[in-house]
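Asker: missing the sequence, but the structure's below:
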């Protein structure tokens, strides 16, 4: 981030919705048709947009399109599970990777009928085996069109990034949308020989937000999370404990005024 961006984000706007009086730049405020949203869920479920917007940013960054197959790894976290939901809303099929098959099965059940378009792959830590399993989970075993990576901070030495890249078709696209802070080893020759495109994406653009809102209003992008609350700020400790017990895709716990 530039010094100007740091000053902008940590100064006037830093408290966000935790401020007694919330302030936002006008260009970051979006109108939502409440009557349309109410057809598909409660207004409190709009809180899920916090994870859907950056996932839309990642998907749009590599131009995910209807009919494509998208790998999402890991697929069961707060943001990464939303990448699965967004890819489905854009008309893609998903290969979802995670170390826990139990979590993957629970996610697919949570997705309901759309879960039929998600193929789970339990990762083993063996790069060659995981790559083969990911590729075999794609139509005809020909590889995926795109790969969205949502690696957490401690995943710099993980094997799944290389496995995901190896499971892409030639001319495949990959978006790094996670938060690894250390350097990561990448398969240079593979990327070059298969003409892969690697793109980083931090958060989302205004256009991504507009698209997210419109897809929610039409019911194409489904609000999936169960909403618990809202609770007053005075119950902060209880709320944080409750949120910590939730699996990423399962529910959100809200503070309210």
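Answerer: Good, I have the coordinates. All of these numbers come straight from a predicted model, not from anything done at the bench.
Asker: hmm, who's touching stretch 18-32?
Answerer: 12-13, 15-16, 46, 206, 209-210, 213, 216-217, 233, 255 (Cβ atoms under 8 Å, 6 or more residues apart in numbering). C-betas here are computed from N, CA, C, even on glycine.
Asker: And it, end to end?
Answerer: 21 Å (Cα to Cα, to the nearest Å).
Asker: Please work out the average pLDDT along it.
Answerer: In this model, stretch 18-32 has a mean pLDDT of 84.
Asker: do stretch 80-100 as well
Answerer: Stretch 80-100 comes out at a mean pLDDT of 97.
Asker: Name the residues of it that come out as buried.
Answerer: Neighbour-count burial for stretch 80-100 flags 80-90, 92-98 (criterion: 16 or more other Cβ atoms under 10 Å).
Asker: Ok, stretch 221-237 next?
Answerer: 221-225, 227, 229.
Asker: From these, which one has the minimum pLDDT?
Answerer: Among those, residue 225 has the lowest pLDDT, at 81.
Asker: which residues does that one contact?
Answerer: Neighbours of residue 225 in contact, by Cβ under 8 Å, 6+ apart: 45, 47-48, 249-252.
Asker: Domains in the protein, by residue range?
Answerer: 1-30, 48-200, 225-257 (automatic domain parsing).
Asker: and these as TSV, adding distance to residue 39?
Answerer: Below are these laid out as TSV (distance: least, Cβ to Cβ, whole Å):
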stretch	distance to residue 39
domain 1-30	19
domain 48-200	16
domain 225-257	17
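Asker: To residue 37, which of the ones you listed lies closest?
Answerer: domain 48-200 (10.2 Å; Cβ to Cβ).
Asker: which helices and strands sit right next to the helix or strand where residue 103 lies?
Answerer: Residue 103 belongs to helix 101-110 when assigned by DSSP states H and E. Here helix 101-110 touches strand 93-98, strand 118-122, going by 3 or more Cβ pairs under 8 Å, 6 or more residues apart in numbering; DSSP states H and E.
Asker: ok, residues contacting that helix?
Answerer: So helix 101-110 is contacted by 75-76, 81, 84, 96, 98, 115, 118, 120-122, 224, 247, 249-250 (Cβ under 8 Å, 6+ apart).
Asker: same thing but at 6 Å, please
Answerer: 76, 96, 98, 115, 118, 120, 122, 249 (Cβ atoms under 6 Å, 6 or more residues apart in numbering).
Asker: Any idea what residue 227 is bridged to?
Answerer: Residue 227 has these beta-bridge partners by DSSP bridges: residue 252.
Asker: Please tell me how far it sits from residue 73.
Answerer: 27 Å (Cβ to Cβ, to the nearest Å).
Asker: Next: residue 162.
Answerer: 11 Å.
Asker: what element comes up after the longest strand seen in the chain heading to the C-terminus?
Answerer: Identified as the longest strand of the chain according to DSSP state E is strand 168-176. Remark: after strand 168-176, the chain's next helix or strand is helix 188-193, criterion DSSP H and E.
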